[in-house]
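*Asks:* here you go, sequence then predicted model.
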Amino acid sequence: MGFTNQDWPCGLHPVETLSGECPRTIRYPLKQALHAATPYTTKIYKGQVVCWQNSTSIPYLESVTASTANSAARPTLGVAAEYYAGSATTKTDLAVWPAGDHIFGIQADNATTTTIGMRNILCYGDVINAQSGSTITGLSSCELDWSTLATATTALLQVVGLDVSAGQTSTGSNIRFKVRFAHGYFNETADTVV
């Protein structure tokens, strides 16, 4: 009797660094650290893609949305390593796993049972449900957007392998992949997030 992949999107999680070391974080300031009168009030979920808002005179960390996709004004920094409730004005910074030096695991949003994951190695894809998550667990529910997987290099993520764990299959729905950021603050620019 075979296993089926669990449908439990929990955002991006670090698997290892590109050099094979343990994952590490960098702390970045939230808006209220630099703009005390106007705190950042949008929730940021652990495992969510975050960017550096530098289109204002004083830059700060913010969550990535379709309207704030990676650009010169808002380059992708990496993945939030902790939950921010969006109203904790006493919190002034957030831990981030940097995009440029980590391999991340993420669940694909595919629902077909005939999909073969190995065919998508080295393909590029975007994140779907970029700002969704659970206020109970604090985890993001973003997934790899299966419909965007292709060889075009403009997408945010590049698939580099299967994130195989106990009970994980390489075919079927909800395949978990290992990905790296193809674009961002520590890479290049121009990607899409929906």
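*Replies:* In hand now; what should we look at?
*Asks:* low pLDDT regions in the protein?
*Replies:* Confidence mapping of the chain against pLDDT under 70 gives the ranges 1-5, 7, 55-56, 66-73, 88-89, 111-119, 165-172, 184-194.
*Asks:* contacting residues for residue 104?
*Replies:* With contacts defined as Cβ atoms under 8 Å, 6 or more residues apart in numbering, residue 104 is in contact with 12, 13, 14, 15, 79, 97, 157, 178, 179, 180, 181. Where C-beta positions appear, they are placed from N, C-alpha and C, glycine not excepted.
*Asks:* and the last one, backbone torsions?
*Replies:* Recorded main-chain torsions at residue 181 are phi -80, psi 130, according to degrees, to the nearest 10.
*Asks:* what's the neighbour count on the nearest residue to it once chain neighbours are set aside?
*Replies:* Of all residues not flanking residue 181 in the chain, residue 99 sits nearest, at 3.7 Å (Cβ to Cβ, 6 or more residues apart in numbering). A count of nearby residues for residue 99, using other Cβ atoms under 10 Å, gives 27.
*Asks:* quick check: residue 99 vs residue 58, distance?
*Replies:* 22 Å (Cβ to Cβ, to the nearest Å).
*Asks:* same check, this time on residue 85
*Replies:* Taking Cβ to Cβ as the criterion, residue 85 is separated from residue 58 by 23 Å.
*Asks:* residues touching the residue nearest the centre of the chain, list them.
*Replies:* Taking Cα atoms, centre = their mean, the centroid of the chain lies closest to residue 49, which sits 3.7 Å from it. Residues near residue 49 by Cβ under 8 Å, 6+ apart: 12, 63, 64, 76, 78, 79, 80, 127, 130, 142, 156, 193.
*Asks:* identify the bridge partners of it.
*Replies:* Beta bridges link residue 49 to residue 79 when assigned by DSSP bridges.
*Asks:* against residue 37, how distant is it?
*Replies:* Separation of residue 49 from residue 37 (Cβ to Cβ): 27 Å.
*Asks:* now residue 23
*Replies:* According to Cβ to Cβ, residue 23 stands 35 Å off from residue 37.
*Asks:* so those two - more neighbours on which side?
*Replies:* Counting neighbours by other Cβ under 10 Å for residue 23 and for residue 37 shows that residue 23 has the greater number, 17 against 6.
*Asks:* how about the more buried one, nearest residue that isn't a chain neighbour?
*Replies:* residue 14 (3.5 Å).
*Asks:* how about that neighbour, phi and psi?
*Replies:* Torsion angles, degrees, to the nearest 10, at residue 14: phi -70, psi 140.
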